[in-house]
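Student: Pasted the sequence and its predicted model underneath.
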Amino acid sequence: MRLMSYHPALLRSIREFNSGHYFEAHEHLEEALDEVEGDADAWELYVGLIQIAVGYHKCASGYPGGAKMLGLGLEKVASLPAVCAGVRLEELRQRVREDLAEDDSVQERLTTDPPRIMLTPGK
């Protein structure tokens, strides 16, 4: 079995995101945007993940606009396949949808049941 290679910025971002450091997660992906500019799916994925991370950062911090950013990120990744660049998007999309539906309790849910970005183990 061959292991899939992942962009180092994507791995750093996912590590930060899954640790609840959403702001840092978005920064790692922003650093890599120039490198994926020619790949439409990777661009949409990275921008969508950036918006989702910013949305969760705003929700966790009590800043306004978190739901709007989550919605923008969800729109950005909506047309991508269930697995894109090794990222298991369907689980993340479902979680964002749930959090948008329960907007009033997102901040609390982030501490008790934080969202996670999962990768496929390989190809």
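Tutor: Ah, there it is.
Student: Just the helices from the chain, written as ranges.
Tutor: Secondary structure of the chain (DSSP state H): helices at 8-18, 22-36, 40-61, 66-77, 89-101, 106-112.
Student: winner for burial among these?
Tutor: helix 40-61 (a mean of 22; mean count of other CB atoms under 10 Å). C-betas here are computed from N, CA, C, even on glycine.
Student: what angle separates that one from helix 8-18?
Tutor: Angle of helix 40-61 versus helix 8-18, following axes from the mean of the first three to the mean of the last three CA atoms, to 10 degrees, is 30 degrees.
Student: From residue 110, how far off is residue 7?
Tutor: Residue 7 sits at a distance of 26 Å from residue 110 (criterion: CB to CB, to the nearest Å).
Student: With residue 25 instead?
Tutor: From residue 25 to residue 110 the distance is 13 Å (CB to CB).
Student: Ok, residue 29 next?
Tutor: Relative to residue 110, residue 29 is positioned 19 Å away (CB to CB).
Student: Residue 78 touches residue 90, doesn't it?
Tutor: No: Residue 78 is beyond contact range of residue 90, at 10.8 Å (criterion: CB atoms under 8 Å).
Student: same question for stretch 52-66, mean pLDDT?
Tutor: For stretch 52-66, mean pLDDT is 95.
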